[in-house]
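Chemist: coords please:
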Amino acid sequence: MNTHPIDQWISLETRRQFFGHAGKGLGMAALASLVGQPAAAETKGALGQPHFPARAKRVIWLFMAGAPSQLDTFDYKPEMADWFDKDLPQSVRRGQRLTTMTASQPRFPIAPTMFQFPRHGQCRKRVSELLPRTGSMADDLAFVHTVWTEAINHDPAITYIQTGNQIPGRPTLGAWISYGLGTMNSNLPEFIVLNCEPRGQALYSRLWGSGFLPSVHAGVAFREQGDPVLYLSNPSGVSQAARRLMLDRLQVMNRRIYDALGDPDTQTRIAQYEMAFRMQSAVPELVDISAERQHVLDLYGEDVTKPGTFGHNCLLARRMAERGVRFVQIFHRGWDHHSGLPTNIRRQTKEVDQPAWALVQDLKRRGLLDDTLVIWGGEFGRTIYSQGTLTKTNYGRDHHPRCYSMWMAGGGINGGVTHGETDEFSYNIARDPVHIRDLNATILHLLGIDHARFTVKHRGLDERLTGVQEEARVVREILL
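Modeler: Numbering: from 1, shown residues only. Okay, the predicted model is just below:
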């Protein structure tokens, strides 16, 4: 009797391989449900439904890679003006770890910020003159001044805040959310990454990877040139109808393999092929901003029409939020100011201030801010002491993991709130610390997820974003 070539290949799989593969990739039934769904269908994730009513449906994470100086943006320390060029007291340093870039400095001269901090809004929040539009919406924002982490170098620090662990290879926040909650629009990925023009620290695709979760939950990075996603367009001479026929035949073969082996990776392939086909029509419409009205384009700034700029990416993030993308992360690099900080931070804040403000205002005007959580911040903070030569108009700052500032808006956040306080040197936390585990627990909470109950069995452990042994708490003081 003749056997199908696929059946011959299947027979080569050993019993050990079969059971090994079948034990992988929880949530494959949910992935399979993507196939054959009508346009823009909503599919549930592994949780089925949130643990409790959610305040936010989606997240837009504005990640300032390289670590903005909290001292020159949000953490106002006017008393430091009297400490100019004096040594940071040992009683403040407390023997904390230093990077190799400043550990050998003969002294640690204090560098007060050279920027003014005017008050804003009814909350009277002081925000750096570098961020006037951000300051103007202070009543919509919750400022957290006491975020902290154990990581002191960029790669482990950004890996840590993204995945809950300094060691690479674990699922990222966006992948966890995609896996748990599913999609609100099956024509688009649940997790999309937008990288701004290259400058500064390198970023790696594992920072939006899925780790031990099914690969369909990894972030899809859009490109600035050519097709937004690689191979989105059909090759020359291949029609859409021919592409559909090819996928149908391929799906028959993949289903035969799955029926025989139960290999969840096969289900992932089927779902990804189908998603790619739907994206061929959905993505070009998404990234085409030609129909946006001029007053909306003006809102985001003069660079809004230039792909790869922060303004352009913020507008795309709003369009993604409208279309039901669950998690959008924009990476803006170049914040690693070890020297020449006053010049460099002026450039950086000019690039992000108006677009970040515009994003919040645009979401608000369209009724989307109430259920969209917007986050702004980086992987750690900067030191009060100067790295290298210090003058009244020039200084640099080294990495500082013990305290730094972020802001959040929308999606259940109580605006006009300031949480936590650092010491007068912005070197240690005086009250209300917020570890990055607490930050992630709070994000999940706003999406209706109890971080302690959101687990996946992996290598004998009930793994979770916030760690299997560490404690994490929801920062309820900033919530409505």
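Chemist: which residues touch residue 288?
Modeler: Listed by CB atoms under 8 Å, 6 or more residues apart in numbering, residue 288 has no contact partners. Every residue, glycine included, has its C-beta placed from N, CA and C.
Chemist: where does it land on pLDDT?
Modeler: According to the model's per-residue confidence, residue 288 sits at a pLDDT of 95.
Chemist: same question, residue 17
Modeler: pLDDT, the model's per-residue confidence, is 46 for residue 17.
Chemist: ok, residue 109 - how many residues close by?
Modeler: Applying other CB atoms under 10 Å, we find 20 other residues in the vicinity of residue 109.
Chemist: the stretch 151-300 of the chain: strands as residue ranges?
Modeler: Assigned by DSSP state E, counting those that start in this stretch, the stretch 151-300 of the chain shows strands spanning 182-183, 191-195, 220-222.
Chemist: hey, C-alpha coordinates of the second one in PDB?
Modeler: Okay, so that is strand 191-195. Presented in PDB, the C-alpha positions along strand 191-195 are these (Å, rounded to 0.1, in the frame of the first residue of the first chain):
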ATOM      1  CA  PHE A 191       2.200  42.600  20.500                       C
ATOM      2  CA  ILE A 192       3.900  45.200  18.200                       C
ATOM      3  CA  VAL A 193       7.400  46.800  18.600                       C
ATOM      4  CA  LEU A 194       8.300  50.100  17.000                       C
ATOM      5  CA  ASN A 195      12.000  51.100  17.100                       C
END
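Chemist: just to revisit the earlier point, can you convert the strands of the stretch 151-300 of the chain into CSV and add a column each for mean neighbour count?
Modeler: Formatted as CSV, the strands of the stretch 151-300 of the chain follow (neighbours: other CB atoms under 10 Å):
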stretch, mean neighbour count
strand 182-183, 25
strand 191-195, 24
strand 220-222, 21
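Chemist: of those, which is nearest residue 165?
Modeler: Nearest of the strands of the stretch 151-300 of the chain to residue 165, taken as CB to CB: strand 191-195 at 18.4 Å.
Chemist: could you dump the strands of the stretch 151-300 of the chain to a markdown table with mean pLDDT?
Modeler: Formatted as a markdown table, the entries for the strands of the stretch 151-300 of the chain read as follows, by pLDDT from 0 to 100:
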| stretch | mean pLDDT |
| --- | --- |
| strand 182-183 | 94 |
| strand 191-195 | 98 |
| strand 220-222 | 95 |
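Chemist: so which of these comes closest to residue 176?
Modeler: Nearest to residue 176 among those is strand 191-195; the distance by CB to CB comes to 9.6 Å.
Chemist: paired strands for that closest one, with orientation please.
Modeler: Taking DSSP bridges as the criterion, strand 191-195 forms sheet pairs with strand 220-222 (parallel), strand 327-332 (parallel).
Chemist: give me the contacts around that strand.
Modeler: Residues from elsewhere that reach strand 191-195 (CB under 8 Å, 6+ apart): 174-175, 177-178, 203, 208, 217-222, 224, 308, 313, 316-317, 320, 325-331.
Chemist: tell me which residues touch the closest residue to residue 125 other than its chain neighbours, please.
Modeler: Sequence neighbours aside, residue 138 is the residue nearest to residue 125 in space, at 4.0 Å (criterion: CB to CB, 6 or more residues apart in numbering). Residue 138 is in contact with 120, 121, 123, 125, 127, 415, 416, counting by CB under 8 Å, 6+ apart.
Chemist: what's the distance between residue 138 and residue 114?
Modeler: The spacing between residue 138 and residue 114, counted by CB to CB, to the nearest Å, is 22 Å.
Chemist: can you check residue 68 too?
Modeler: Separation of residue 68 from residue 114 (CB to CB): 16 Å.
Chemist: which one of those two has more residues nearby?
Modeler: Residue environment comparison for residue 68 versus residue 114 gives the larger neighbour count to residue 68, 31 against 15, counting by other CB under 10 Å.
Chemist: for that one, give me the pLDDT.
Modeler: Turning to residue 68, the model gives it a pLDDT of 98.
Chemist: for it, grab phi and psi.
Modeler: Phi and psi for residue 68, reported as degrees, to the nearest 10, are phi -70, psi 150.
Chemist: what's the neighbour count on the closest residue to it other than its chain neighbours?
Modeler: Closest residue to residue 68 apart from its sequence neighbours, by CB to CB, 6+ apart: residue 335 at 4.8 Å. As a burial measure, the neighbour count of residue 335 was computed by other CB under 10 Å and equals 25.
Chemist: what's near enough to touch residue 335?
Modeler: Applying CB under 8 Å, 6+ apart, one finds that residue 335 lies in contact with 64, 65, 66, 67, 68, 200, 345, 348, 378.
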